[in-house]
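1. Just need the structure, nothing else, for what follows:
(chains A, B and C)
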Amino acid sequence: MTVGLATTLSGSLAQLGQDAERGVELAIADLNAKGGVLGKQVKLATEDNQVTPATGTANARSLVLQHKAVALFGPISSAVAAAEQTVAAQYKVPLIDFMANDAGLQTKTFSKYSLQVVPNTTMEPRAAADYLATKSAGKPITIGTFAPDYSFGHDSVSGFIDALNALHVNYKLVNQQYPPLGETNIAPFLSKLVAVAPDYVYNAQYGNDLVTFTKQAQKYNFFDKTTVIAMYGVQELGELGDQIPAGTIDFNRAPFWVMGDTVTPFVNEYKAKYGQLPPEWSLLGYTAVQTWAAGAKKAGDFDGTKVADALSGATIPTIRGNITLRSCDNQAEIPEYVGVLTDTPDQKYGVPLWQPGSAFTAPFDKISTSC
Amino acid sequence: MNQPVRTTLQKHSERLVPFVGRGPVDVHRRPRQVALRVGGVVALLVLLLVAGQVLDIARLLTLEEALALAAFAMASNLLIGYGGLVSFGQAAFFGIGSYTVALGWLHWQLSFWLALVIAPLIGGAVAGIIGLLALRSRRLYFALLTLAFSQLCYVLAQERYTFTQGANGVIGPMLPDSLIDPRHAYLFVLAVAAAAALVLWKITTSPFGLVLRATRENRERMQALGVNVFGHQLLAFVISGAFCSLAGVLFVVYSQSAYPELLDWTQSGYAVYMVVIGGMFTFLGPALGAGVYTFANQYLAQHTSDWQLILGLILLVIVLFRPDGLAGLLSPRPWRSAARRLQARFGQQEDSTTDTTDPDRTTGELP
Amino acid sequence: MRTLILDVVGILATAGSLFIVSSGLTLVFGAMRLINVAHGSFYMLGAFVMTTVAANSAGARFWVAVAAATVVVAVLSVVVEVSVMRRIYASDHLTHLLATFAVSLIVADLALRVWGSGGRSVREPSVATGAVSLGGATFPAYDLVLIAAAFAVGLGLWLLLTRTPFGWRIRAAVDDPELLSCTGTRLSLLRTGVFMLGAALAAFAGALVSPQVTVAPGMDTAIIVSAFIVAVIGGLGSIPGAALGALIIGVAETLGASYAPSWSSSFMYLAMIAVLVMLPSGLLGRAER
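-> Numbering: from 1, shown residues only, chains lettered A, B, ... in the order given. Model prediction:
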């Protein structure tokens, strides 16, 4: 039985794609070691979409029609995810998104074959806003935003602003910048933000882009006056090394260091195999495969429609504990995590992660909208 | 006056024959050659039809993409090869075609079939406006102006977020149900691309096409003969724009999406690439170039990380040693004649007022 | 005042690095009528060599790395010139565009092999770390390095072209290459020299901007369009024109990002179209022969 991973393995997002692939591979290896799914060994077919929707469409079609993939695991970019979703619905194959999380994936291009095991762009910024509301405690604050110029960036920022309004935070929006995804020269955008020096900046970048932003902003001493709120993951922190901006608010989709003992075996297994701590994308990729396997077992069949139906509303055992996919939009009922960055190494893991005691778990029912 | 010019121009037309034929032929005088050529085209069509039934889906999709790009390359070659107008902005019209379908579907639930008709009209109209301004410049500056216009279209597609969905592009079920099945979609793309090729062939062999070619060879003389060179070039630009847009619609059948990179200058660059590796002096050469480019791109990208190196080397070798492209290899004509034709062309471009004594030129025969 | 200072520094820093890249492009075009699409590749190579030599160490090593990047790329450019460019000088612009486009594809691939697809970064030199405050405005100290470098390059090129025999020959080559070869100048050697100088300028610019950007594949295609626009607006072949063009683009980008952020990228192309439609040879260029 073949499953397909149509993600980005080249260009500026290549690192994230590789992290995802490792998580998926590890999960499949573990499944096969325990006898496979429904008695069959699982094989992975991977294709690189070069962050282009048309290539994503072609990849998804070739995975389904050529490799006979019975399930697809989604890409990084929400734009490509939307393209692959269209194909998944056409050929009635479940597509499990574990990286792309634009809320539009569950409204605009949604079909029952789309499943989502990451917090979406409504939930993620809401968690950050919750944290900020507590921190600012009613005082007036100024806010700037910085996000990649595509649906994810725009939706993440508007999700954040909506959340601030809902929480009645006393804020003033002073500057908004949308540099292109993968832009290497962000100086013209960044200098505008620096000129107004907001109290807080919500940054929806990730990967190399976020690293570039951090290094550039440090040249303006930006972190002295402004607290940045952004998604720093294991890879980003590793790449920043001694340039980690301590005090920055970090929202994170799957920080293994605060997810409790249930993920410890996974962390150890990952470290043993790849010689590094598991990035968020690997952990989420692992859960995505577990989700599909549980669906196939429940349906007793590999048929896409049966698996999708079985998964909707189901509760699935995963390395992060049981997760439930709510039936209205197949969103996994999982929390988002928030913490504060530090530049001193963590006692347990030996690399700088979050300030002790700063971790905050935003529960699903508080950050999600009902549907 | 008119008659002798026509006769001379027909000789020019001999240089542009489908590579499936046997070298230079005169349409009106050698029925055997015509039959061979028609036979060749029919055989190619049958081959493509059979391929649509027997190929596996992955290769079929690549072939479908190649057909859409072949239409794009042939439409671009109306300017590059026939008109001698090297445009680095044809991607703008290609993208406009794709976006007509996508935005029409997104904002107004426009039916695909209607978009198929409207897209070339919009592409042609935009080409008319751009052509009016760009054709005032010549050669290099024409190339740069077309580049600037298409980049402008590119950033508009990227920045008008609320209208175009920005860098995301437009994605969704914009195709009619009848084109969801890949084999049906393939047949549709093949039919439209073949029809477009036929119309383009008719245009290039029409009196208009012959005059266009003559303006490429010697603009000043055509002007002296009272030919409205600007008018002919503008019309060529509009026709090419319209057909590039049509190719853009075909690409949507393949990609089911429209996104800004379709309008980027590198996309125009790849059109020129396909034209040049295929052979700009033959009608079907660019289509061959599109096929080679698409399959090379697809399979090299899968099997080696060095696809750029290989595409670059192919281009370099062709530019340096085989300027008539791959189609030139299939033609039994001696290599020297191709080189001479090219020299004539380049000599002309360098200085179009002086004539060389190149035997392939038709100087002496003009009244 | 604060915004004004920030804008002026931003404009000059953007224009500075653009000028250095474009001056090389326009110099090569002026002397040899050669359109070099691979110019962006030399820029990218300069940045990559920079990341390798400078690694992450600040201090004097930075300047050694800038020099190394410039020299290494200049030597590589001679290989390109001798193996490819020499064969096509006599051809038309389309051949130039295609051959140099082919070279840029090949270089992009080789760079990917050597340096990989991930982003790389360089620390700025220790004299220009952190921020500078001036009149209430805070901007990166490194911006001043870029501005100073642009002035130095401008002055250096002016001295070279007006005060040295090499420069005289280049200017003579622009006017009448045939006559120049009659005077005993070896045209092929001169061409190699000019091509190398152009590539060195591109590499120098790439090395200089490396602390400002993420050095990664794709830098080449991104810069070449901007460099062309700058050179074309100023007039291809004119070095003062490149300076003027760089300033115009600097203004368009910086003010665009402030006052009309969602239209900012369009201004660059609109400026180019406006100039070319009204003055087909650019602001300070000469009509092509």
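
2. Show the pLDDT at the residue of the stretch 251-371 of chain A at minimum distance from chain B.
-> The minimum distance from the stretch 251-371 of chain A to chain B, using Cβ to the nearest Cβ, falls at A:Gly304 (15.9 Å). For glycine as for every other residue, the C-beta is placed from the backbone atoms N, C-alpha and C. Looking at A:Gly304, its pLDDT is 92.

3. correct me, but it touches A:Lys112?
-> No. A:Gly304 is not in contact with A:Lys112 according to Cβ atoms under 8 Å; the separation is 9.9 Å.

4. Give me the three-state assignment for A:Leu181.
-> coil (DSSP: H, G, I helix; E, B strand; the rest coil).

5. Look at the closest residue to it other than its chain neighbours and give its secondary structure.
-> Nearest residue to A:Leu181 in three dimensions, chain neighbours excluded: A:Pro148, at 4.2 Å (Cβ to Cβ, 6 or more residues apart in numbering or on different chains). At A:Pro148, secondary structure determined by three-state DSSP is coil.

6. Now do the contacts for A:Pro148.
-> A:178-181, A:204-205, A:209, B:167 (Cβ atoms under 8 Å, 6 or more residues apart in numbering or on different chains).

7. Now the element after the helix or strand harbouring C:Ala246, going C-ward?
-> Using DSSP states H and E, C:Ala246 sits within helix C:239-259. Counting by DSSP H and E, the element after helix C:239-259 in chain order, helix or strand, is helix C:264-278.

8. where does the closest residue to chain B within the stretch 51-200 of chain C land on pLDDT?
-> Residue nearest to chain B within the stretch 51-200 of chain C: C:Leu105 (3.2 Å; Cβ to the nearest Cβ). C:Leu105 carries a pLDDT value of 90.

9. ok, and the closest non-adjacent residue to it?
-> By the measure of Cβ to Cβ, 6+ apart, the closest residue to C:Leu105 outside its immediate chain neighbours is B:Gly312, 3.2 Å from it.

10. Assign a three-state SS to the one you found, would you?
-> Secondary structure of B:Gly312, per three-state DSSP, is helix.

11. Next, the contact list for it, please.
-> Residues near B:Gly312 by Cβ under 8 Å, 6+ apart: C:102-106, C:108-109.

12. hang on, the earlier thing: only the buried subset of the contacts of A:Pro148, as a ChimeraX command please.
-> Buried members of the contacts of A:Pro148, defined by 16 or more other Cβ atoms under 10 Å in any protein chain shown, are picked up in ChimeraX with:
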select /A:178,179,180,181,204,205,209 /B:167
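
13. Make TSV from the contacts of A:Pro148 and add distance to C:Leu179 and pLDDT to it.
-> Listed next are these as TSV, based on distance: Cβ to Cβ, whole Å; pLDDT from 0 to 100:
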residue	distance to C:Leu179	pLDDT
A:Tyr178	55	88
A:Pro179	51	86
A:Pro180	49	80
A:Leu181	53	79
A:Ala204	61	94
A:Gln205	57	94
A:Asp209	54	88
B:Ala167	52	76
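
14. Now flag whichever of the contacts of A:Pro148 is closest to B:Leu79.
-> Taking Cβ to Cβ as the measure, B:Leu79 sits nearest to B:Ala167 out of the contacts of A:Pro148, at 28.8 Å.

15. low pLDDT regions in the stretch 201-350 of chain B?
-> Along the stretch 201-350 of chain B, the model assigns pLDDT under 70 to residues B:301-305, B:330-350.

16. Look through it and state the residue closest to chain C.
-> Distances between the stretch 201-350 of chain B and chain C by Cβ to the nearest Cβ are smallest at B:Gly312, namely 3.2 Å.

17. now that residue: how far from A:Val87?
-> 32 Å (Cβ to Cβ, to the nearest Å).

18. any idea what sits nearest B:Leu235, other than its immediate chain neighbours?
-> Sequence neighbours aside, B:Phe208 is the residue nearest to B:Leu235 in space, at 7.0 Å (criterion: Cβ to Cβ, 6+ apart).

19. tally of neighbours for that neighbour?
-> A count of nearby residues for B:Phe208, using other Cβ atoms under 10 Å in any protein chain shown, gives 14.

20. cool, and A:Lys172?
-> 10.

21. Who is it paired with across the strands?
-> Beta-bridge partners of A:Lys172, counted by DSSP bridges, are A:Thr142.

22. quick one: it and A:Pro140 touch, right?
-> Yes. The criterion here is Cβ under 8 Å, and A:Lys172 meets it with A:Pro140 at 7.0 Å.

23. C:Ser264 contacts C:Val251, correct?
-> No. Taking contacts as Cβ under 8 Å, C:Ser264 lies outside contact range of C:Val251: 11.5 Å.

24. Looking at A:Gly304 and A:Lys112, which one has more neighbours?
-> A:Gly304 (24 against 17).

25. where does the stretch 101-250 of chain C dip in pLDDT?
-> In the stretch 101-250 of chain C, residues with pLDDT under 70: C:177.

26. show me where it has helices.
-> C:141-163, C:165-175, C:177-182, C:187-209, C:219-234, C:239-259 (DSSP state H, counting those that start in this stretch).

27. any idea which of those is most buried?
-> With neighbours defined by mean count of other Cβ atoms under 10 Å in any protein chain shown, none of those is more surrounded on average than helix C:219-234, at a mean of 26.

28. how about that one, does it reach chain A?
-> Yes. Residues of helix C:219-234 contacting chain A under Cβ under 8 Å from any Cβ of the partner chain: C:219, C:222.

29. angle of that helix against helix C:239-259?
-> Counting by axes from the mean of the first three to the mean of the last three Cα atoms, to 10 degrees, helix C:219-234 points 110 degrees away from the direction of helix C:239-259.

30. now for helix C:219-234, which elements pack on it?
-> Helix C:219-234 sits against helix B:139-159, helix C:2-32, helix C:39-54, helix C:93-115, helix C:239-259, helix C:264-278, with contacts defined as 3 or more Cβ pairs under 8 Å, 6 or more residues apart in numbering or on different chains; DSSP states H and E.

31. Pick the most deeply packed of the ones you listed.
-> Scoring these by mean neighbour count under mean count of other Cβ under 10 Å gives helix C:39-54 as the most buried, with a mean of 27.

32. which ones are touching the closest residue to chain C within the stretch 201-350 of chain A?
-> Closest to chain C within the stretch 201-350 of chain A is A:Lys219: 3.8 Å, counting by Cβ to the nearest Cβ. A:Lys219 makes contact with C:124, C:129-131, C:140-142, according to Cβ under 8 Å, 6+ apart.

33. Among those, name the buried ones.
-> Looks like these have C:124, C:131, C:140-142 buried, using 16+ other Cβ under 10 Å.

34. State the pair within these that is farthest apart.
-> The widest separation within those (Cβ to Cβ) is 11.1 Å, between C:Glu124 and C:Ala131.

35. All the strands of the stretch 101-250 of chain A, residue numbers only.
-> Assigned by DSSP state E, counting those that start in this stretch, the stretch 101-250 of chain A shows strands spanning A:114-116, A:141-146, A:171-177, A:200-203, A:227-230, A:249-252.
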